[in-house]
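**Student:** build the 3D model from these lines:
(one chain, ligands or ions: 1)
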Amino acid sequence: MMRHNRNLMGATSLLAGTAFASLLLSGCGTGANTGTSTEAPKTKVTAAERDSGMKVKSGANYNEQGELRRPQDYREWVFVGAPVTPNDLNDGKAAFPEFHNVYIDPASYAAYKQTGKFADGTVILKELVSVGSKRMDSGNGYFQGEFVSLEAMVKDSRRFDDEPGGWAFFRFGEAPDYATVGTRMKTESCNACHSGANEDYVFTHTYPVLRAAKHAATAK
Ligand code: HEC
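**Tutor:** Down below sits the predicted model:
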């Protein structure tokens with residue numbers, strides 16, 4: 001922390017012991033100190049981590065009750081794709097007529113790109129976004145409307161050792177007031193369906209960004 005925050009530390013030493021100081025210090029690693037940082041964030045997975053399947057630093061963050069906190073900055077994560085199953089193509093009654101904007105936390109993406117596997121700690125978020133306009137200057141199509149809801153799947157084979165593949169599923173409710181912690185879903189309501197996915201409970205074949213990352217890993 002000292003390394004990253006020389007200027008900030010200098011400023012806060014004047015205020016040491018105050019609540020304000022701890023507020024400033026809690027900015028470490030959140031991007032608040034971008035201007036003073038001299039090191040890139042650690043995203044490279046070491047050989048030991050890769051070989052042992054050790055946990056990487058991920059987007060998963062739990063409160064004292066062990067509940068999953070909603071990540072604050074997920075729209076800055078790696079965006080892997082936006083499948084859409086519109087009503088028009090599903091007899092007017094699609095199960096999920098929205099776009100599914102899918103993100104993975106950057107450290108887990110880096111691990112996947114190195115190993116071709118989802119490490120313990122991986123968080124994949126799916127934010128549903130309504131179909132808005134169907135007409136733009138570029139032509140007819142499906143264009144994104146408003147945020148609708150937010151869901152997550154988190155892999156942790158120790159914490160969720162009772163779940164298939166170590167994946168637990170969560171919902172954060174409806175936009176715009178997403179819950180601060182995720183509601184844990186029953187295995188049969190989400191994971192049972194995901195057990196049919198092409199790779200480790202994730203439908204990776206629908207995300208070219210993940211396909212390319214996998215290719216990078218296996219081409220080594
Ligand atoms: C009917 C089967 C089915 C059910 C039930 C289901 N999913 Fe999915 N889910 C999919 C499919 C298929 C995709 C990928 C294509 C898409 O999004 O349309 C997906 C994508 C996802 C993704 C993005 C990562 C991935 O695997 O592609 C997340 C996160 C996700 N679902 C969470 C959930 C949660 C949370 C629940 C329970 C509330 C749930 N899913 C229930 C079929 C299902």
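
**Student:** all strands for the chain, in order.
**Tutor:** 78-81, 99-104, 123-131, 135-136, 139-140, 144-155, 167-174, 183-184 (DSSP state E).

**Student:** what does this structure have sitting close to the ligand?
**Tutor:** Within the chain, the positions near the ligand by CB under 6 Å from any ligand atom are 83, 85, 100, 102, 124, 126, 151-153, 169, 171, 185, 189-190, 193-194, 197, 202-203, 206. Where C-beta positions appear, they are placed from N, C-alpha and C, glycine not excepted.

**Student:** go ahead and build a ChimeraX selection from the buried members of those residues.
**Tutor:** To isolate the buried members of those in ChimeraX, using 16 or more other CB atoms under 10 Å:
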select :100,102,124,126,151,152,153,169,171,185,190,194,197,202,203,206
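
**Student:** do you know how far the closest residue to residue 136 other than its chain neighbours is from the ligand?
**Tutor:** Counting by CB to CB, 6 or more residues apart in numbering, residue 136 lies nearest to residue 143, which is 5.8 Å off, once chain neighbours are set aside. Plainly put, residue 143 is 17 Å away from the ligand if you go by CB to the nearest ligand atom, to the nearest Å.

**Student:** these two touch, right, residue 143 and residue 137?
**Tutor:** No: under the criterion of CB atoms under 8 Å, residue 143 is not in contact with residue 137, lying 10.9 Å apart.

**Student:** which one's more surrounded, the two?
**Tutor:** residue 143 (13 against 4; other CB atoms under 10 Å).

**Student:** for that one, give me its contacts.
**Tutor:** By CB atoms under 8 Å, 6 or more residues apart in numbering, residue 143 lies in contact with 131, 132, 133, 134, 136.

**Student:** ok, and which of the strands of the chain has the densest surroundings?
**Tutor:** Highest mean neighbour count among the strands of the chain (mean count of other CB atoms under 10 Å): strand 99-104, with a mean of 22.

**Student:** elements contacting that strand?
**Tutor:** Packing contacts for strand 99-104, counted by 3 or more CB pairs under 8 Å, 6 or more residues apart in numbering; DSSP states H and E, involve strand 78-81, strand 123-131.

**Student:** same list, these, but as JSON lines with mean pLDDT please.
**Tutor:** Formatted as JSON lines, the helices and strands packed on strand 99-104 follow (pLDDT from 0 to 100):
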{"stretch": "strand 78-81", "mean pLDDT": "98"}
{"stretch": "strand 123-131", "mean pLDDT": "98"}
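
**Student:** any chance of a markdown table for those strands, columns distance to residue 157?
**Tutor:** Below are the helices and strands packed on strand 99-104 laid out as a markdown table (distance: least, CB to CB, whole Å):
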| stretch | distance to residue 157 |
| --- | --- |
| strand 78-81 | 22 |
| strand 123-131 | 14 |
